[in-house]
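Colleague: below: sequence and its predicted model.
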Amino acid sequence: MNQPSADYLVGAVKKEELQDMININLKTLPEHYTDDFYLELIQKFPEGCLVAKANGVIVGYILNRVELNFGSFGLNLTKKGHVVSVAVLEDYRRKGIGRRLIELSMGAMRKRGCKEVFLEVRISNDEAINLYKKLGFTITKTIGGYYTNGEAAYVMERPI
Ligand code: ACO
Ligand code: ZN
């Protein structure tokens, strides 16, 4: 477990912690996934699927994937890190946990040879957009009707 501060610890999610992570997703986001999807992400990129714990209790998570894609900052094929989902329980927000989860993920992506990181976010999700901007992400695209309720997504990315 990484030791970012006295308040919480961040480390790779263990199999037995998967359900707690899923429960945070159910409480915090409208986008849900099958157990198989979670397991696949964890199997493929274990060091990029993290949980944050406060007093031993999981209060946040991040799920990431490494993808082979055309780079936005060039025309060659590059490995990109994809932030699939990140969330922190409401009572634990604004303590730097979201930021820490993304920073550690970018470190893991870099070690896997990723040159860029990207994500999609609801255009109304101001707190998440603020967090990503603070971390140096910029909006590169808008995808209309991306979410099931018809809301558009911003694609945000940055080099790593
Ligand atoms: N209002 C304005 N700015 C904010 C807010 C907010 N409510 N929340 C975060 N920020 C910005 C601030 O600049 C903040 O720094 P500061 O506190 O020093 O001002 C900075 O982001 C860092 O915030 P953290 O404390 O690291 O973020 P937190 O741990 O609160 O997690 C998160 C942010 C994950 C977006 C949280 O609000 C959350 O879980 N929201 C619900 C789930 C969600 O929307 N997830 C993202 C979906 S998109 C995706 O998953 C790819
Ligand atoms: Zn995505």
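Modeller: Perfect, I can see it now. Ligands and ions are numbered 1, 2, ... in the order given.

Colleague: dump the residue contacts of the residue of the chain found nearest ligand 1.
Modeller: In the chain, the residue that lies nearest ligand 1 is Gly98 (2.5 Å; Cβ to the nearest ligand atom). All C-beta atoms are positioned from the backbone trio N, CA, C, and that covers glycine. Counting by Cβ atoms under 8 Å, 6 or more residues apart in numbering, Gly98 makes contact with Gly60, Val86, Val88, Ala128, Leu131.

Colleague: repeat for Tyr8
Modeller: By Cβ under 8 Å, 6+ apart, the neighbours of Tyr8 are Ala52, Lys53, Ala54, Val59, Gly60, Tyr92, Lys95, Ile97, Arg100.

Colleague: number of nearby residues for the nearest residue to Glu151 once chain neighbours are set aside?
Modeller: In space, and not counting its chain neighbours, Glu151 is closest to Arg122: 5.3 Å by Cβ to Cβ, 6 or more residues apart in numbering. Neighbours of Arg122 under the rule other Cβ atoms under 10 Å: 18.

Colleague: for the chain, give me the ranges with low pLDDT.
Modeller: Counting by pLDDT under 70, the chain contains low-confidence ranges at 1-6, 70-74.

Colleague: and the strands in it, which stretches?
Modeller: For the chain, the strands defined by DSSP state E occupy 9-12, 50-54, 57-70, 77-88, 116-122, 138-143, 153-159.

Colleague: can you redo those as CSV with distance to Gly107?
Modeller: As requested, the strands of the chain are arranged in CSV below (distance: least, Cβ to Cβ, whole Å):
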stretch, distance to Gly107
strand 9-12, 11
strand 50-54, 11
strand 57-70, 11
strand 77-88, 10
strand 116-122, 11
strand 138-143, 20
strand 153-159, 14
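
Colleague: what's the longest helix in this structure?
Modeller: helix 97-111 (DSSP state H).

Colleague: what residues does Ile143 make contact with?
Modeller: Residues near Ile143 by Cβ under 8 Å, 6+ apart: Glu120, Ala152, Ala153, Tyr154, Val155.
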